[in-house]
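A.B. asks: Provided below are the primary sequence and the corresponding predicted coordinates.
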Amino acid sequence: MSVEYLVKISKPMLEGAGTTISLFLIAIALSVPLGFLFTLMSRSRFKLVAGFAHTYIYIMRGTPLTLQLLFFCFGLPMLPVIGEFLVMDRFVAACLGFVLNYAAYFAEIFRGGLLSIDKGQHEAAQVLGLSRWQATVKVIMPQMFRVALPSVANESITLVKDTALLYAVAVPELLHYTLTAVNRDFNLTPFVVAGVIYLMMTLALTLFFKFLEKKFKYE
């Protein structure tokens, strides 16, 4: 394994890692707030709204992410009447699939966080004269995020690794360039390099969430 070979394979693999990071950032930025929205919907007093949220979460968590990606990338354009209007770039379609899938998981994480909050917190907020919205934003949500943070961190790390599923829908990312190098050169070194890149990304996430946990702990 020479330095020249490492440089040769690292350039395209780092480009693929850029796609991986882009997908992760888009997915995490959109799926977290969407997941919280579904958490609120699932707790709605309106049965139709709550039923829709529960059904959505069940479907998205109960079917493989790979199947969902294949549907968004190749299935949507095949729908009768509206299919021609749903043709998207594969990366965009994959982002949609990841966002909708992970929103369901984050919704369950946030639901667990809300359930861990003692009912006395709601009553205390009412005694202080806070409206239901004010109590949720200023009292309940900070405590919920503190409880849910370790699970959110774990799910975020899983998201980084799941980005490798882009390979299944022919979006060139880190794994795509890794396998291309392995098949071309009949060399296992690209697997090692890819593993190191994934470990660096997950390490950065781990350190970030540890920082957040310490910050929430002392607030």
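C.D. replies: Structure received. All of these numbers come straight from a predicted model, not from anything done at the bench.

A.B. asks: Tell me the buried residues in the biggest helix by length in the chain?
C.D. replies: For the chain, the helix that runs over the most residues, judged by DSSP state H, is helix 3-42. Counting neighbours by 16 or more other C-beta atoms under 10 Å, one finds that the buried residues in helix 3-42 are 9-10, 12-13, 16-17, 19-21, 23-24, 26-28, 30-32, 34-36, 38-42. No exception for glycine: its C-beta is placed from N, CA and C like everyone else's.

A.B. asks: Show me what the helix or strand harbouring K214 is packed against.
C.D. replies: Using DSSP states H and E, K214 maps to helix 189-217. Helices and strands touching helix 189-217, by 3 or more C-beta pairs under 8 Å, 6 or more residues apart in numbering; DSSP states H and E, are helix 3-42, helix 141-162, helix 174-185.

A.B. asks: Out of those, which gets nearest to L70?
C.D. replies: helix 141-162 (14.2 Å; C-beta to C-beta).

A.B. asks: Quick check: L76 vs T39, distance?
C.D. replies: When C-beta to C-beta, to the nearest Å is the yardstick, L76 and T39 sit 26 Å from each other.

A.B. asks: And for L212?
C.D. replies: Plainly put, L212 is 19 Å away from T39 if you go by C-beta to C-beta.

A.B. asks: before we move on, which element is the residue nearest to A27 when sequence neighbours are not counted in?
C.D. replies: In this structure, A27 finds its nearest non-sequential neighbour in F98, 4.2 Å apart by C-beta to C-beta, 6 or more residues apart in numbering. Under the criterion DSSP H and E, the helix or strand holding F98 is helix 90-115.

A.B. asks: And that helix, what's buried?
C.D. replies: Neighbour-count burial for helix 90-115, with 16+ other C-beta under 10 Å as criterion, is recorded at 90-91, 93-111, 113-114.

A.B. asks: next structured bit after the longest helix of the chain?
C.D. replies: Secondary structure here is assigned by DSSP H and E; on that basis, the next helix or strand after helix 3-42 toward the C-terminus is helix 47-62.
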